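S.K.: Attaching a predicted model along with its sequence, questions to come.
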Amino acid sequence: MPRTNKIIDASLDEVQTAKESAIALVQGSVVQQTAEDLFYTDNLEEVENGLKSLNEFSNKAWLLSSIILYTVIYNKELYTDSGLFWDEYAKQAQERIGIDPRDVSEQLSSARFFIQHHAELERQGFDPSGNNRKLARAELATELSGDVHAVIKHLVNDSWRDFKAWYSSFKTKAIEAPNDIKRPDIEVKGKKVYIQGVEAIKVSEKIPQQDKERLEKYISQIFEAMRKGLEPAIVQCYDEKEARVLTKLRDKYRQGK
C-alpha cells in the first residue's frame, strides 16, 4: 500500500516543482534515473542505496538528496520499516544513506524551505547549485528575521559570509527580553506553578502518568522562564541532540552580549 504524505506543509504541485528543479541539477548524469525512481518507491533499502549513490556522486546532488530524505524517508515515515524511531534512524544516517548524522537536520531544513518557497526562489533567480550552506540556514534566518521575503532576497544576492552576517545580526535581538512588560508574581515549586499565590494549573489525574509528568515538566519550565524575566518560546526540534545544540548556541550568544 503506497505511503501517504503526512507532514509536508505544501501542495502537491509545490512538491513536484521542487523535485523537478532538484533533479535538473543532475540532468543527463548517471544518477538522474536513480533519483527520479526514488521518489516513487516505498522500499526503504532501495531508497537508502539510491541515496548513498547520490551522496557519493557530486555536491550538486546535495539538494536532491535532501528532498528525497525529507519527502520519502521522513515524510512517508519509511524509516519505521527499519524498526527504529526517527532520532535513532538519524544517528545511523552515515551507514544507511551516506549522510553525516550531524547534517541530517540541515538537509531536512533545506528541503522543507526549498519546497515551501520554491516559487518565489525561482522568481528571484535563486541558483541552488553551490548554495547548500545558505539554504541550510534559511529557516533559521527566517525565524530570526521574521521576514521570509528578505531571507530569499539575501539568499539570491549574498555570498555565504554576507548571508551569515546578515541573519546573525538578529540573534542578539531575538534573545533580548522586553523590559516594559509588567509580569505577574510567579512562583515555581517543583512541578507546581503559583501566580499571585494561587496554583495556576492542575493537570488531570485521568491522563496517563507519563503524559501527566511531561506536561507538568513543560509547564513548570515555561513559567520558570517567565519568572526570570525571559520570554519562553517553543522551538521544534527533530531530537534531543538538536535541542541541546540550539541551547548551546543560545548560551554562546548570551555570553557574547
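M.R.: Thanks, I have the structure now.
S.K.: Please identify the buried residues of stretch 105-122?
M.R.: For stretch 105-122, burial by neighbour count (16 or more other Cβ atoms under 10 Å) applies to 105-118, 121. Bear in mind the C-beta positions are built from the backbone N, C-alpha and C, glycine included.
S.K.: which among these gets closest to Asn55?
M.R.: Distances from Asn55 to these, taken as Cβ to Cβ, are shortest for Gln107 (9.9 Å).
S.K.: Enumerate every residue touching Val47.
M.R.: Residues near Val47 by Cβ atoms under 8 Å, 6 or more residues apart in numbering: Leu38, Thr41, Ile68, Val72, Ile73, Leu78, Ile97.
S.K.: Including neighbour count, distance to Ala136 and pLDDT, could the residues you listed go into TSV?
M.R.: Formatted as TSV, the contacts of Val47 follow (neighbours: other Cβ atoms under 10 Å; distance: Cβ to Cβ, whole Å; pLDDT from 0 to 100):
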residue	neighbour count	distance to Ala136	pLDDT
Leu38	26	21	84
Thr41	15	26	84
Ile68	24	16	90
Val72	22	19	89
Ile73	26	18	91
Leu78	19	22	89
Ile97	23	17	89
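S.K.: Which ones among those map onto helices?
M.R.: Applying DSSP state H to the contacts of Val47, the entries found in helices are Leu38, Ile68, Ile97.
S.K.: for the residues you listed, which one is nearest Lys153?
M.R.: Nearest to Lys153 out of the ones in helices among the contacts of Val47 is Ile68 (Cβ to Cβ; 28.0 Å).
S.K.: residues contacting the closest one?
M.R.: Ala35, Leu38, Phe39, Val47, Gly50, Leu51, Leu54.
S.K.: Mark which of the residues you listed are buried, thanks.
M.R.: Ala35, Leu38, Phe39, Val47, Gly50, Leu51, Leu54.
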